[in-house]
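generate a structure from the sequence data that follows.
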Amino acid sequence: MHDKYIKIGFLNVGSLGTKHDDFIASVASHSFDIVAVNETWLRPGEEGRAPTVPGYRLRHTPRPLTVRGGRGGGVGFYLKRGLTVRACSTPTDPRYESIEQMWITLSLNGVKLAIGTAYRPPRSDLDLFLDAITDTISSLTKCDHYVLLGDFNVNMLNTSCQTRKVCEFLNSLSLKQLVDSPTHFTDHSQTLIDLVCTNINNTSVCVEPFGAIHGHSLVICKLNIKRSKYKPHTVAYRPITKINRENFDDELAHLDWEIIRELPNVNDMVEALNRNVVSVFDKHAPVKTCMIKDHSHPWITDTIKFMMHLRNEALAKYRTIKSESKKSSLNTEDRAWDGHRRMRKLVWLATRALESKYASRHGLKSERSFSCYIEIVRLIRVRIAVVQYTHVVLVLKIGDDDCVTQVMPIVIYSKHCYLKNELQLYNEVGSSLGLENLLLTEDGILEKVTLQFADLELSTAVGKL
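Numbers count the residues shown, from 1 in each chain. Take a look at the predicted model:
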């Protein structure tokens, strides 16, 4: 069920040219209305390198050429289709031309909202950065509320001079910073540098891991403003290619064209001509409408999204244990790290396997090879070691030399998601793999798996979860 309040995500992606699978899965699973991104690393005209997220469009501002020749940096938004927004111009003061920020405005149920994202590189002038944002917000006088999301590269968990400057900046604009947990992780530090600042009351914010052990987390912000209904993205067209040419020509030949010459003025003639031509097209190629769907990554199935969710849960558990290392044993921390590492590798292998399968089925090129997927077999114990309430069901293809040549993960299933005591699982990559009758009973027993490949039949049973 979709939330009735507007939801915004923020992530320092560290290049939109990579990690497409995780980004697409995160946006889809959270059903964001808007996703603000920092460090896109896209130059002008390179938007094609960014992931295409179904149902969203990208609006992007690259890093100014005056900053490192335009390399790196960049800010932008993924906007849900059907959401009407207007890009705002920022102050043209030459002092601020190096500041990376982007602002949009939108109206939701009579409330005018300004949403901005800004990125400050670690060694850039903080005062100049804050002054530029202050000028921009001050110029947006007709807005009722403001939301600023960005990587300030200032750790709000300490009391340094820079932290105090940010607090003073927020107070001067009557904004509150709502993130209260670390958002950036390295081997030796956990810092809160990704901020959500707003003057909207009752706004909830949470931080969620984003795949990698190091780097930035995903910040999720739910505003106390109700969503508007989205209009589907549709286009009208005529199926010209399906016209029967013989019937079409015959229809045109039987039209009364002479009556057009008898009309008193040229405007009437044009109108009559258009009416005749359109009437023929309406008969042979009537106007149709269709919804526009974006090209995406079809191999990112619901199973893959769930696997990514479990991987992120394992990462969050490891980070919690690590931050409380004084209270927990080293053995506990090692087990948590090993659990995340195994789950992360399983997700990567499963995603690549499905991508390769999709490519081969549709005659597309794929850089992936099935030779690496045998590694999934070594990770089968992740079912017990990492997530005890989860099944990983594998399809194995046995070669002539009795060696496993292909391994395809089919489903991960949580026993917390029962459907009337029994659930029939299905093969998400197509029936051609031959998966049959995979049943899970109420007490968590996977009764029987039957896998058929041509003349090969493999039956096995899996014990209790």
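
could you pull out the helices for the protein?
Listed in chain order, the helices of the chain (DSSP state H) span residues 20-30, 126-139, 161-172, 245-253, 258-261, 266-284, 302-323, 330-361, 375-378, 382-385.

which strands and helices sit next to the longest one?
Yep, that's helix 330-361 we're talking about. With contacts defined as 3 or more Cβ pairs under 8 Å, 6 or more residues apart in numbering; DSSP states H and E, helix 330-361 has these neighbours: helix 302-323, helix 375-378, helix 382-385, strand 404-414. Where C-beta positions appear, they are placed from N, C-alpha and C, glycine not excepted.

buried sites along that helix?
Of the residues in helix 330-361, those buried by neighbour count under the rule 16 or more other Cβ atoms under 10 Å are 335-337, 339-358.

returning to that earlier point: in CSV: the helices of the chain, plus distance to Arg57 and mean pLDDT.
Formatted as CSV, the entries for the helices of the chain read as follows, by distance: least, Cβ to Cβ, whole Å; pLDDT from 0 to 100:
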stretch, distance to Arg57, mean pLDDT
helix 20-30, 12, 90
helix 126-139, 23, 96
helix 161-172, 31, 97
helix 245-253, 37, 90
helix 258-261, 44, 86
helix 266-284, 31, 90
helix 302-323, 21, 82
helix 330-361, 24, 77
helix 375-378, 36, 38
helix 382-385, 37, 29
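
output these in CSV; the columns should cover distance to Arg95.
As requested, the helices of the chain are arranged in CSV below (distance: least, Cβ to Cβ, whole Å):
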stretch, distance to Arg95
helix 20-30, 34
helix 126-139, 7
helix 161-172, 16
helix 245-253, 64
helix 258-261, 65
helix 266-284, 56
helix 302-323, 39
helix 330-361, 44
helix 375-378, 54
helix 382-385, 54
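
quick check: Ile225 vs Asp93, distance?
When distances are taken as Cβ to Cβ, to the nearest Å, Ile225 and Asp93 turn out to be 31 Å apart.

around the residue nearest to Val27 when sequence neighbours are not counted, how many other residues sit close by?
When the adjacent residues along the chain are set aside, Val27 lies closest to Val53, with 5.1 Å between them (Cβ to Cβ, 6 or more residues apart in numbering). Neighbour count of Val53, defined by other Cβ atoms under 10 Å: 22.

thought Val53 was touching Asp22?
No. Val53 lies out of contact with Asp22 (Cβ atoms under 8 Å); the separation is 11.8 Å.

now do the contacts for the closest residue to Ala36 other than its chain neighbours.
Using Cβ to Cβ, 6+ apart and skipping the chain neighbours, the partner closest in space to Ala36 is Thr117 (3.8 Å). Going by Cβ atoms under 8 Å, 6 or more residues apart in numbering, Thr117 touches 10, 36-38, 75-77, 101-102, 148-150.

cool, and Phe32?
The neighbours of Phe32, taking Cβ under 8 Å, 6+ apart as the test, are 7-9, 78, 80.

lowest-confidence entry in those residues?
Sorting the contacts of Phe32 by confidence puts Lys80 at the bottom, with a pLDDT of 93.

contacts only, for that residue.
Lys80 is in contact with 32-34, 55-56, 230, counting by Cβ under 8 Å, 6+ apart.
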